[in-house]
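Enquirer: Output the structure for:
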Amino acid sequence: MDTMTTFSSASPLPLALSNSSLPISATSLPASMSSSFSATSPFSISNSSSPNQNCSFDDKALRMPLAVLYSIFFIFGLIGNLFALWVFLFLPSSRNSVRVFLINCAVADLVLLACLPFRVFYHVNGNKWVLGSVACKMVGNLFYMNMYISITLLGFISLDRYLKLQGKGRTRRGMELTLFGQSWPWSWVACGALWGLSLVGLVPMIFMAEDKDFTDKCFQYKQRKSKAKGKAYFNGVLVMFFWLIFIMIVVSYAKIACQLLKVSRDKPDLPNAQRYGRTAKKSFFVLFLFTICFGPYHAFRPVYIASQLSSASCDYLQLVDRTNEVMLLFSAFNSCLDPVMYFLLSGSVRKIALQTLGHRFGNRFPFLNDATSNSSLPITPSATPRTSICIINSTLRRTGLNTLQPTQQTVITNNAPEK
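Expert: Reported below is the predicted structural model:
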């Protein structure tokens, strides 16, 4: 009788296990273990978590190298960009479109650099974030927003130089757009629209939900499989946008360099013929900086985004995260190299920098004194301003030399080089 009672009380167990593939028989278990087995067995969990949920992306070997490198980028980038911004804003010089783009590029670099101390503190603190989820999203998205603003501005600079080289008359002096019944330089309109669209897109990126609740981690790999899948697609759009800008920069600078080299080769008697060749080489150097800083990161970015949307082994995801951190260093390094671009493209920055470094340094590298702004681009004789010829003739008369004849008018630039 006792046996029958025990069996009946344990009867639910074989029914519960009958639909399972586990090789466990209820008859081999005492009745006293049946209830405890059904309550504590790990096989009773049907909706287990994904295998990557507990995958750790805290690479201890990268903590200090990342902290040191970001600190170096912050110090040198801050000095270079503040110096350039001071020259742009407070020293008198010509207000051309390239100058407007360079000012905005320096501002974007400074905002990006302001995000680096947070990353340094995060890595020094053992990869633990203590400022909350909103601050984490704000710092991260500001970093990426200003990185793509810099990329877009570099694209605008290349486009502006190319259009001025190919254009005639008014196009060379500067294109204007009509907005609200008033004409504005296109550089102002482009920069205003760029900052406006970037700030509008920043807000939803900060407040958009993530797949996981916030812990104490920031700046690390995140899966994008449910709530935050839209962020992965948006990042994919940014990658395609970068490659479009990259193609535009390559084509623009290649055509600029080819035309400068052609002018210096076909018309060696022009006053600036020798400088045109060196200016072409500097254009390729700007393209080289852009490629080195942003190319590796965006070449690897599709792999990173694809891993966020798919399931993969923990070792593979850790490798993807580690590679992404290294590639991101190249992008942050651009904030240190942009002052080099200002030096090459702006006569004002170049003049003050050479005065600071000393004339001895400038004499050792005479090519640094060559004009490389839009004013150094060659212009056909038909586009030469009449006032410039008058100034040249008056200067020759004061020196006792003959004035230029109409057939001897040289090709000069439409804008005076920045002083």
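Enquirer: quick one: the strands in the stretch 101-250 of the chain?
Expert: Using DSSP state E, counting those that start in this stretch, the strands of the stretch 101-250 of the chain run over 176-179, 182-185.
Enquirer: do you know which of these lies nearest residue 73?
Expert: strand 182-185 (32.1 Å; CB to CB). All C-beta spots, glycine's among them, are computed from the backbone N, C-alpha and C.
Enquirer: Direction included, what does that closest one pair up with?
Expert: Sheet pairing for strand 182-185, assigned by DSSP bridges, gives strand 176-179 (antiparallel).
Enquirer: List the residues that contact residue 148.
Expert: Residues near residue 148 by CB atoms under 8 Å, 6 or more residues apart in numbering: 198, 238, 241-242.
Enquirer: circling back to that earlier point, for residue 76, find the nearest of the strands of the stretch 101-250 of the chain.
Expert: Comparing the strands of the stretch 101-250 of the chain by their distance to residue 76 (CB to CB), the top pick is strand 182-185, with 31.6 Å.
Enquirer: Quick check: buried residues in that closest one?
Expert: The neighbour-count check on strand 182-185 (16 or more other CB atoms under 10 Å) flags residue 185 as buried.
Enquirer: what's the nearest residue to residue 352 if we skip its chain neighbours?
Expert: residue 87 (5.4 Å; CB to CB, 6 or more residues apart in numbering).
Enquirer: Check which helix or strand that neighbour maps to.
Expert: helix 60-90 (DSSP states H and E).
Enquirer: List the buried residues of that helix.
Expert: 62-63, 66-67, 69-71, 73-74, 76-78, 80-81, 83-85, 87-88.
Enquirer: How about the contacts made by residue 342?
Expert: By CB under 8 Å, 6+ apart, the contact list for residue 342 reads 80, 84, 102, 105-106, 349.
Enquirer: Reformat these as TSV; add pLDDT and distance to residue 313.
Expert: Below are the contacts of residue 342 laid out as TSV (pLDDT from 0 to 100; distance: CB to CB, whole Å):
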residue	pLDDT	distance to residue 313
80	93	42
84	90	46
102	91	46
105	95	41
106	94	43
349	77	50
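Enquirer: any chance you could map the helices in the protein?
Expert: For the chain, applying DSSP state H gives helices covering 2-10, 12-17, 31-40, 60-90, 97-124, 133-166, 170-173, 186-207, 229-266, 273-309, 314-345, 347-357, 359-364, 386-398.
Enquirer: was I right about residue 293 contacting residue 337?
Expert: Yes. Residue 293 is within contact range of residue 337, at 6.4 Å (criterion: CB atoms under 8 Å).
Enquirer: between these two, which one's more packed in?
Expert: Using other CB atoms under 10 Å, the more surrounded residue of residue 293 and residue 337 is residue 293, with 23 against 19.
Enquirer: Report the spatially nearest residue to the more buried one, omitting neighbours in sequence.
Expert: Excluding its sequence neighbours, the residue lying closest to residue 293 (CB to CB, 6+ apart) is residue 334, at 3.7 Å.
Enquirer: Give me the distance between the one you found and residue 229.
Expert: Residue 334 is 29 Å from residue 229, where distance means CB to CB, to the nearest Å.
Enquirer: okay, those two: which has more neighbours?
Expert: Between residue 334 and residue 229, counting by other CB under 10 Å, residue 334 is the more crowded of the two (23 against 14).
Enquirer: what residues are up against the more buried one?
Expert: Taking CB under 8 Å, 6+ apart, one finds 109, 147, 150, 289-290, 293-294 in contact with residue 334.
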